[in-house]
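Engineer: Quick one, fold the following:
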Amino acid sequence: MAERVLVVDDEEDYRIIARDVLRAEGYEVELAPDGEAGLAAVRASPPDLVLVDWMMPKLDGEGFCRRLREDPRARALPVLMLTVKQTADEELEALHFGVDDFITKPFKPAELLARVRAALRRAAEPRA
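Structural biologist: As a prediction, this is how the structure comes out:
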């Protein structure tokens, strides 16, 4: 069974690019246009990993991650943040609210795939 990735981004171009790159590698991909729709998708059928944009209307990436981490069923779900933000302070802030890794926009397909694979590999490792 293919691993499932949820892509949450208000920019349709990034959703489509991420979907196409991931599907070409055999992942099942679901798309959500904002954080509220993303949370609803996670609650309906939790994916194996979430790619979420930081800056979105309705519910941004920070709010999405904070609410996701409050849900015991989704607390350990790997979350990669898509962002144009690049300062160390901003990345540290995101780690505090539940992000596992970052992908800077515009992203390279090879980097997207490498970071998704690494996050899924870490998530599959047995806990000590």
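Engineer: ok, residues contacting the top helix by length along the chain?
Structural biologist: The longest helix of the chain (DSSP state H) is helix 109-124. Applying Cβ atoms under 8 Å, 6 or more residues apart in numbering, the contact partners of helix 109-124 are 3, 5, 17-18, 21-22, 25, 27, 48-49, 51, 76-78, 80, 100-101, 103. No exception for glycine: its C-beta is placed from N, CA and C like everyone else's.
Engineer: Could you report the distance from the residue nearest to residue 107 when sequence neighbours are not counted to residue 124?
Structural biologist: The shortest distance from residue 107 to any non-neighbouring residue, by Cβ to Cβ, 6 or more residues apart in numbering, is to residue 82 (7.0 Å). Counting by Cβ to Cβ, to the nearest Å, the gap from residue 82 to residue 124 is 22 Å.
Engineer: Ok, residue 16 next?
Structural biologist: Separation of residue 16 from residue 124 (Cβ to Cβ): 28 Å.
Engineer: More neighbours: which of those two?
Structural biologist: residue 16 (13 against 10; other Cβ atoms under 10 Å).
Engineer: list the contacts for the most centrally placed residue in the chain?
Structural biologist: Nearest to the mean C-alpha position of the chain, by Cα atoms, centre = their mean, lies residue 51 at 1.8 Å. For residue 51, the contact set (Cβ under 8 Å, 6+ apart) comprises 5, 6, 7, 8, 9, 18, 80, 81, 82, 103, 112, 116.
Engineer: ok, now residue 35?
Structural biologist: By Cβ under 8 Å, 6+ apart, the residues touching residue 35 are 8, 52, 56, 58, 59, 60, 61, 63, 64, 67.
Engineer: Buried subset of those, written for ChimeraX?
Structural biologist: Burial among these is assessed by 16 or more other Cβ atoms under 10 Å; the matching ChimeraX selection reads:
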select :8,52,56,59,60,61,64,67
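Engineer: Ramachandran coordinates for residue 102?
Structural biologist: For residue 102, the backbone dihedrals (degrees, to the nearest 10) come out as phi -130, psi 150.
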